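>>> Need the 3D shape of this:
(4 chains)
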2 protein chains.
Amino acid sequence: MLTTGGCPRNILTIKDALEAIEGRWRLLILFALSGGSRRFGELSREVPGITDKMLSKELKNLEAHRLITREVTAGFPQAAIYTITDHGRSLERVMIELHYWGLLHRQEVMGR
Amino acid sequence: MLTTGGCPRNILTIKDALEAIEGRWRLLILFALSGGSRRFGELSREVPGITDKMLSKELKNLEAHRLITREVTAGFPQAAIYTITDHGRSLERVMIELHYWGLLHRQEVMGR
DNA sequence: CAGTATCCGACAAGATACTG
DNA sequence: CAGTATCTTGTCGGATACTG
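As a prediction, this is how the structure comes out:
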């Protein structure tokens, strides 16, 4: 059981975590990449609803937070390969719990 | 290990979950409430950085998603008591993992 | 293929002042 | 005490067109 214990440290830790992964897209991109490296176009198709603009922006943000790496191959046509880092992979437990809770939430609110 | 397996169902489940808890504030409010019921003013002080306007808006959102309940006492001065629901409590595992990851993230990115 | 540029509307969010 | 009203700024996010 989580307790704040009158101390704001725990909630500040969560706030720090949220600062890195907050928003509609970042966890979805990481989840897609947890199944293996992807190219830009693959992510554009696999992340439901995202536009290329947001994908581009969020990929840079994830890279800045060291959650993914970007590698561009030589040759033509060029390919950009995005890969989750070990640090990004350490978010898998969060994603697993979130996925599990998503199933619960559907039953609770959506009734299916 | 999570796999997408060419099937978008898992990622859609996470997207549904995120729709309910996305943003800077909702998980922080729920985390505060996981330590026990709170009044508006208590939350205003305990959730770091939130304004009354955002707190009011997000509390309504959380109530609409059945993650918290709101109860107003008779008498004066009035008191509004916010309490996490069982469904909100089912997010505790997500919050625990997020808190744990926040500690890792500090070490990785912030170097402390 | 992998993005960027531009334009636009909607909403998040803070500051301040105010009400029952 | 528990919010709401108003105003302003910034960012989100979609649409479309475009480039190396």
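>>> which bits of chain A sit near DNA strand D?
Counting by CB under 7 Å from any atom of the strand, chain A comes close to DNA strand D at A:23, A:24, A:25, A:49, A:50, A:51, A:52, A:53, A:54, A:57, A:77, A:78. Yep, even glycine has a C-beta here, placed from its N, CA and C like the rest.
>>> Is it possible to mark the buried ones in those?
Neighbour counting by 16 or more other CB atoms under 10 Å in any protein chain shown classes A:24, A:25, A:50, A:54 among the residues of chain A next to DNA strand D as buried.
>>> which one of those sits closest to DNA strand D?
Using CB to the nearest atom of the strand, residue A:24 comes nearest to DNA strand D of those, at 3.8 Å.
>>> how far away is that closest one from residue B:52?
Residue A:24 sits 25 Å away from residue B:52, going by CB to CB, to the nearest Å.
>>> Name all residues that make contact with residue A:47.
Contacts for residue A:47 were tallied using CB atoms under 8 Å, 6 or more residues apart in numbering or on different chains; they are A:25, A:28, A:29, A:32, A:55, B:11.
>>> what two of those are the furthest from one another?
Spatial extent of the contacts of residue A:47 (CB to CB) is set by the pair A:55 and B:11 at 13.9 Å.
>>> my hunch is that residue A:66 is in a strand, does that hold up?
No. Assessed by DSSP: H, G, I helix; E, B strand; the rest coil, residue A:66 does not belong to a strand; its assignment is coil.
>>> Which residues are in contact with the closest residue to it other than its chain neighbours?
Distances taken as CB to CB, 6 or more residues apart in numbering or on different chains place residue A:87 nearest to residue A:66, at 5.4 Å, with adjacent residues excluded. Residue A:87 is in contact with A:66, A:67, B:104, B:105, B:108, B:109, counting by CB under 8 Å, 6+ apart.
>>> if we go to 6 Å?
For residue A:87, the contact set (CB atoms under 6 Å, 6 or more residues apart in numbering or on different chains) comprises A:66, A:67, B:108.
>>> Give me the pLDDT for the first one.
Which is residue A:66. You'll see residue A:66 listed with a pLDDT of 95.
>>> For it, the count of nearby residues, please.
15 (other CB atoms under 10 Å in any protein chain shown).
>>> Now do it against residue A:88, distance only.
When distance is defined by CB to CB, residue A:66 is 8 Å away from residue A:88.
>>> What is the burial count for residue A:103?
Neighbours of residue A:103 under the rule other CB under 10 Å: 13.
>>> Check which helix or strand it maps to.
Secondary structure assignment for residue A:103, by DSSP states H and E: helix A:92-105.
>>> Please apply the same query to residue A:27.
Following DSSP H and E, one finds residue A:27 within helix A:26-34.
>>> What of residue A:71?
Secondary-structure assignment from DSSP H and E places residue A:71 in strand A:68-72.
>>> tell me the angle of the helix or strand following that strand relative to helix A:26-34?
Scanning forward in sequence from strand A:68-72 by DSSP H and E, the next helix or strand is strand A:80-84. Going by axes from the mean of the first three to the mean of the last three CA atoms, to 10 degrees, strand A:80-84 is angled at 100 degrees with respect to helix A:26-34.
>>> from the chain's centre, how far out does strand A:80-84 sit?
Counting by CA atoms, centre = their mean, to the nearest Å, strand A:80-84 is centred 13 Å from the centre of its parent chain.
>>> Kindly export the very next helix or strand once past that strand (C-alpha atoms) in CSV.
Per DSSP H and E, the first helix or strand lying C-terminal to strand A:80-84 is helix A:86-89. Provided in CSV are the C-alpha atoms of helix A:86-89 (Å, rounded to 0.1, in the frame of the first residue of the first chain):
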residue,chain,number,x,y,z
ASP,A,86,17.4,-0.6,-21.7
HIS,A,87,16.0,2.3,-19.8
GLY,A,88,13.0,2.4,-22.0
ARG,A,89,12.6,-1.3,-21.5
